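Trainee: From the sequence below, what's the structure:
(chains A and B)
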Number of protein chains: 2
Amino acid sequence: QDRSSKGRCLCADKGANMVLVRNIEKVEIIPPSPSCSQHEIIVTLKNGAGRKCMNPESKFTKNVIIKAIEKR
Amino acid sequence: QDRSSKGRCLCADKGANMVLVRNIEKVEIIPPSPSCSQHEIIVTLKNGAGRKCMNPESKFTKNVIIKAIEKR
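Mentor: Here you go, the predicted structure:
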């Protein structure tokens, strides 16, 4: 009885387009899987401010991730 | 008494240059923080095969992440 078409995705909506970079403690990229057909990008915010789904399509999300891996 | 110069980084060594993409359940990017001055990229492998530090400098690591965020 799959109540939502999203199966068991962690992110119910499209996700935020932006967060303050300095508030990001960790970025998680979860590729599609049997339980969720879409990519999910979830940031953990500092100071216990919780986790937030990011819109994988937003330029901001992509830039933050690319900058994170490009940095020495 | 900071025993290692790496402070409290999760990754002790440089990390793996490559893993089988289909074995990746999740990718975590942890930006530098007061407790660890370097970027850390950790993949969680499927089927409970554990977590593995990836070398942030390796082309493979960068490509996997960029492909993950570029995919529709």
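
Trainee: Quick check: which element contains residue A:63?
Mentor: Here residue A:63, judged by DSSP states H and E, is contained in helix A:59-70.

Trainee: buried set for stretch A:45-58?
Mentor: Neighbour counts using 16 or more other C-beta atoms under 10 Å in any protein chain shown place A:52, A:53, A:54, A:55, A:56, A:58 of stretch A:45-58 among the buried residues. (Each C-beta comes from the backbone N, C-alpha and C, glycine too.)

Trainee: ok, residues contacting the helix holding residue A:63?
Mentor: For helix A:59-70, the external contacting residues (C-beta atoms under 8 Å, 6 or more residues apart in numbering or on different chains) are A:15, A:17-18, A:21, A:24, A:27, A:29, A:41, A:54-56, B:29, B:31, B:39, B:41, B:56, B:61-62, B:65-66, B:69-70.

Trainee: What does the pLDDT read for the residue positioned nearest the centre of chain A?
Mentor: Taking C-alpha atoms, centre = their mean, the centroid of chain A lies closest to residue A:41, which sits 2.0 Å from it. On pLDDT, residue A:41 comes in at 93.

Trainee: Specify the local secondary structure of it.
Mentor: With DSSP: H, G, I helix; E, B strand; the rest coil as the basis, residue A:41 sits in strand.

Trainee: Can you pull the residues of chain A lying near chain B?
Mentor: Contact residues, chain A versus chain B (C-beta under 8 Å from any C-beta of the partner chain): A:24-33, A:39, A:41, A:56, A:61-62, A:65-66, A:68-71.

Trainee: Narrow those residues to just the buried residues.
Mentor: Of the members of the residues of chain A next to chain B, the ones counted as buried by neighbours, 16+ other C-beta under 10 Å, are A:24, A:26-31, A:39, A:41, A:56, A:61-62, A:65, A:68-69.
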